[in-house]
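A.B. asks: everything below, folded, please.
(4 chains)
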Protein chains: 2
Amino acid sequence: MLDVAKKSGVSHQTVSRVVNNHPNVSEKTRQKVLLAIKNLGYRPNHAARMLATGKTSTIGVLSHDTTLFGPASVLHAVQFAGRELGYAVSLISLKSIYPEEVMAGIQELADLGAEGVIIIAPQSAEYKMLNRTSRELPAVIIEGRDTATIPSVEVDQFLGAKSAVEHLIQLGHKNIAHISGPKNWFSAQRRLEGWKAALADANLKSSTVKEGDWSPRSGYLATKEILMDRTITSIFSANDDMALGALKAINEAGLAIPEKFSLVGFDDAPASAYLTPGLTTIHQDFDEVGKQALALLLKLVRGEKLNKRRITVAPELIIRASTGKPPRR
Amino acid sequence: MLDVAKKSGVSHQTVSRVVNNHPNVSEKTRQKVLLAIKNLGYRPNHAARMLATGKTSTIGVLSHDTTLFGPASVLHAVQFAGRELGYAVSLISLKSIYPEEVMAGIQELADLGAEGVIIIAPQSAEYKMLNRTSRELPAVIIEGRDTATIPSVEVDQFLGAKSAVEHLIQLGHKNIAHISGPKNWFSAQRRLEGWKAALADANLKSSTVKEGDWSPRSGYLATKEILMDRTITSIFSANDDMALGALKAINEAGLAIPEKFSLVGFDDAPASAYLTPGLTTIHQDFDEVGKQALALLLKLVRGEKLNKRRITVAPELIIRASTGKPPRR
DNA sequence: AACCCTCTTGTTAACGATAACAATTTCTCA
DNA sequence: TGAGAAATTGTTATCGTTAACAAGAGGGTT
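C.D. replies: Numbering: from 1, shown residues only, chains lettered A, B, ... in the order given. From the prediction side, this is the model:
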């Protein structure tokens, strides 16, 4: 910067003003400085700027396995939205799920200077700890639950699950099993509740639940067990990956879909439309979730008042070929 | 830091020494300082440290769509390996594929102070530009091609593709079509070449190629076209997602797999084992790729000599139920 | 006891930017 | 034409840390 100042014959402060688009700089000197900047290939030092202003223009994203479709999609959206607004994104993607690790991750992001943190899909065990964090650092939870101090953005999991199950009920299914996500995931809990609620509303029993781990493998295994009860005519799976595994188990059992058995997923992953048969599922607009979360976080960072502590994005039932009327007995 | 110094009755420099584990500090003062740090909840300011040392301990990851299985997996591995070694990871995930955007992304990461950049799956058009970059900033390319100035880490795409096709040839297939990735992706090119090479080695013609965009949808559409030629008995798809789409098209055409038609994918995504039938595919060890890439980049950052400019990780053919002998005519 | 060496601590000056205020120039209008 | 206001520029201090060097304290040797 001093080089630029010397070359263009002004003070370093004037260079700073040009770089930051301050209003009161004459056009003539601005051009002079701009030219020198270009010739010298000057680029402002981020660290120095951070130190002087106290702003880092960085936000942290803390997520469980970003290999999963949901987190990956949200991450992508958050990152993109952030970049458009001039924020860099620092990522910490956790392998394990211990609350201590989550807290350590947040601390790390804080030390890095993140102005705020977006926490993707945290698990219920962590909530107590999270509340402590938010005092130090603005935070937004995605696909989790808002807490006393941290607002959240999520697709309405409960509603999505409920409408998925209602769709099956309308088709005439009476005995609908559920493959849930890991119970310590908040979104898994909400989907489970949605399933229960839909059944209760229709005076049906919610008897069969198997817990999976979101993986196709777990869906496959769960379905094997579920199919031992031949009175069950359909499954609502808490995500598409597990539904995919379920599909295989159903095929292996020789049950035609949708004639003999119906299946609904959750996520609307790109692959789901191209399964055989196309999977009826709940579409989640992760892009919207990411955008909203970032907007919310920035408000928090700027100290603005929040009118909503919890933003929900509407899920959408996508009916494809994996659901039909239950077989006559 | 000054507070800590005051509280523990030493100079700020001594505090700095304690924080950085410098050798010549007496045990007594170390404990005093440590205590003060704990009581005051002191945490070093990253920005100031960066400014003073010139090191940011940050590496950048630039990737195309991190929603895809490959990039997402690599990102996860890189991020994890980096964090273990004390490096923060800044992510830029691109929506579009223009070289200008890639260069802008790298420039952004450089301005942020990244000590090095890992570029995931760049496309061929960008290579000229990339070479320019590496002069300013250490870089490693993943799933691309090493260049004059940038080393690379990749699963051996060519070998993987070749062994996939050889597997089909061994089963007796004579007419093997290929669904390629976008031609401007380097990995798509290499897989295409592998397919060609295997066929050439067996004196078979490499006639039918359809270009997809990695999505299930494109695999589905490509397969519809391919199936119009009834002499084709198998497809090698450049990734699992497109194979999944292909599967649907094959099913719709009423061709039983593997009795009437064989299909091979590439990636070994978690879902692929649970398709019906299980997909024969090429496994890529993305974890290993990420680790190796990070190790390579750190060598570069430290100015160490590289013994290899190009690291390849061995692919592995996973035979499942989607491949079998071609039907007798 | 004087000297030198080593170990520990302190002092001062960077790092590269912005903030706050001071100084200068230019403009406006009576 | 001159005074005051506005616009433009410059000067100095500051952000929180590490680097480089200086100074002091303690111990052993002769």
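
A.B. asks: tell me where the stretch 101-250 of chain A has strands.
C.D. replies: A:116-120, A:139-142, A:152-155, A:176-180, A:209-211, A:234-237 (DSSP state E, counting those that start in this stretch).

A.B. asks: so which of those is the most packed in?
C.D. replies: Highest mean neighbour count of the strands of the stretch 101-250 of chain A: strand A:234-237, a mean of 30 (counted as mean count of other C-beta atoms under 10 Å in any protein chain shown). Heads up, the C-betas are built off the backbone N, CA and C, glycines and all.

A.B. asks: ok now it, how far from the chain's centre?
C.D. replies: 23 Å (C-alpha atoms, centre = their mean, to the nearest Å).

A.B. asks: neighbouring strands - and their directions - for it?
C.D. replies: strand A:176-180 (parallel), strand A:262-264 (parallel) (DSSP bridges).

A.B. asks: who touches that strand?
C.D. replies: Contacts to strand A:234-237, defined as C-beta atoms under 8 Å, 6 or more residues apart in numbering or on different chains, come from residues A:161, A:164-165, A:168, A:173, A:175-179, A:195, A:212, A:219, A:223, A:226, A:243, A:246, A:261-266, A:323, A:326.

A.B. asks: equivalent analysis for stretch A:92-106, please.
C.D. replies: A:60-66, A:108-109, A:117, A:119, A:122-123, A:125-126, A:129-130, A:133, A:137, A:139, A:184, B:75-76, B:79-80, B:83, B:89.

A.B. asks: show me how far it is from its chain's centre.
C.D. replies: For stretch A:92-106, the distance to the chain centre is 16 Å (C-alpha atoms, centre = their mean).

A.B. asks: ok and the residue in the stretch 151-300 of chain A nearest DNA strand D?
C.D. replies: residue A:300 (21.5 Å; C-beta to the nearest atom of the strand).

A.B. asks: what stretches of chain A score poorly on pLDDT?
C.D. replies: Counting by pLDDT under 70, chain A contains low-confidence residues at A:97, A:122, A:124-127, A:134, A:329.

A.B. asks: domain ranges for it?
C.D. replies: Domain assignment for chain A by automatic domain parsing gives A:2-44, A:55-154+A:286-314, A:157-284.

A.B. asks: out of those domains, which one sits most buried?
C.D. replies: Most buried of the domains of chain A, by mean neighbour count (mean count of other C-beta under 10 Å): domain A:157-284, with a mean of 22.

A.B. asks: near DNA strand C, which residues of chain A are found?
C.D. replies: Residues of chain A lying close to DNA strand C by C-beta under 7 Å from any atom of the strand are A:1-2, A:12-13, A:16, A:19-20, A:42-45, A:48-49, A:51-53.

A.B. asks: in helices only, show me the contacts of stretch A:92-106.
C.D. replies: A:108-109, A:129-130, A:133, B:75-76, B:79-80, B:83 (DSSP state H).

A.B. asks: so can I have JSON lines of these showing distance to residue A:231?
C.D. replies: JSON lines is the format used below for the ones in helices among the contacts of stretch A:92-106 (distance: C-beta to C-beta, whole Å):
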{"residue": "A:108", "distance to residue A:231": "51"}
{"residue": "A:109", "distance to residue A:231": "50"}
{"residue": "A:129", "distance to residue A:231": "43"}
{"residue": "A:130", "distance to residue A:231": "42"}
{"residue": "A:133", "distance to residue A:231": "47"}
{"residue": "B:75", "distance to residue A:231": "45"}
{"residue": "B:76", "distance to residue A:231": "42"}
{"residue": "B:79", "distance to residue A:231": "47"}
{"residue": "B:80", "distance to residue A:231": "45"}
{"residue": "B:83", "distance to residue A:231": "49"}
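
A.B. asks: that older thread, show me the contacts for the residue of the stretch 151-300 of chain A closest to DNA strand D.
C.D. replies: A:116, A:138-140, A:151, A:306.

A.B. asks: secondary structure class for it?
C.D. replies: Look at residue A:300: counting by DSSP: H, G, I helix; E, B strand; the rest coil, its state is helix.

A.B. asks: gap between it and residue A:132?
C.D. replies: Distance of residue A:300 to residue A:132, given as C-beta to C-beta, to the nearest Å: 16 Å.

A.B. asks: now the residue in the stretch 101-250 of chain A that DNA strand C sits nearest to, nearest residue through space, not along the chain?
C.D. replies: Per C-beta to the nearest atom of the strand, residue A:113 is where the stretch 101-250 of chain A lies closest to DNA strand C, at 13.6 Å. Leaving aside its sequence neighbours, residue A:113 sits nearest to residue A:56 (C-beta to C-beta, 6 or more residues apart in numbering or on different chains; 3.9 Å).

A.B. asks: would you mind writing the CA trace of stretch A:39-55 as PDB?
C.D. replies: Output of stretch A:39-55 as PDB, limited to C-alpha atoms (Å, rounded to 0.1, in the frame of the first residue of the first chain):
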ATOM      1  CA  ASN A  39       0.500  -1.500 -12.300                       C
ATOM      2  CA  LEU A  40       1.800  -2.700  -9.100                       C
ATOM      3  CA  GLY A  41      -0.700  -5.500  -8.800                       C
ATOM      4  CA  TYR A  42      -1.600  -4.400  -5.400                       C
ATOM      5  CA  ARG A  43      -4.100  -6.400  -3.400                       C
ATOM      6  CA  PRO A  44      -5.200  -5.400   0.100                       C
ATOM      7  CA  ASN A  45      -4.000  -7.600   2.900                       C
ATOM      8  CA  HIS A  46      -7.000  -9.300   4.400                       C
ATOM      9  CA  ALA A  47      -5.300  -9.900   7.800                       C
ATOM     10  CA  ALA A  48      -4.400  -6.300   8.300                       C
ATOM     11  CA  ARG A  49      -7.800  -5.200   7.300                       C
ATOM     12  CA  MET A  50      -9.300  -7.600   9.700                       C
ATOM     13  CA  LEU A  51      -7.100  -6.400  12.500                       C
ATOM     14  CA  ALA A  52      -7.800  -2.700  11.800                       C
ATOM     15  CA  THR A  53     -11.600  -3.000  11.400                       C
ATOM     16  CA  GLY A  54     -12.300  -5.900  13.600                       C
ATOM     17  CA  LYS A  55     -14.400  -7.400  10.800                       C
END
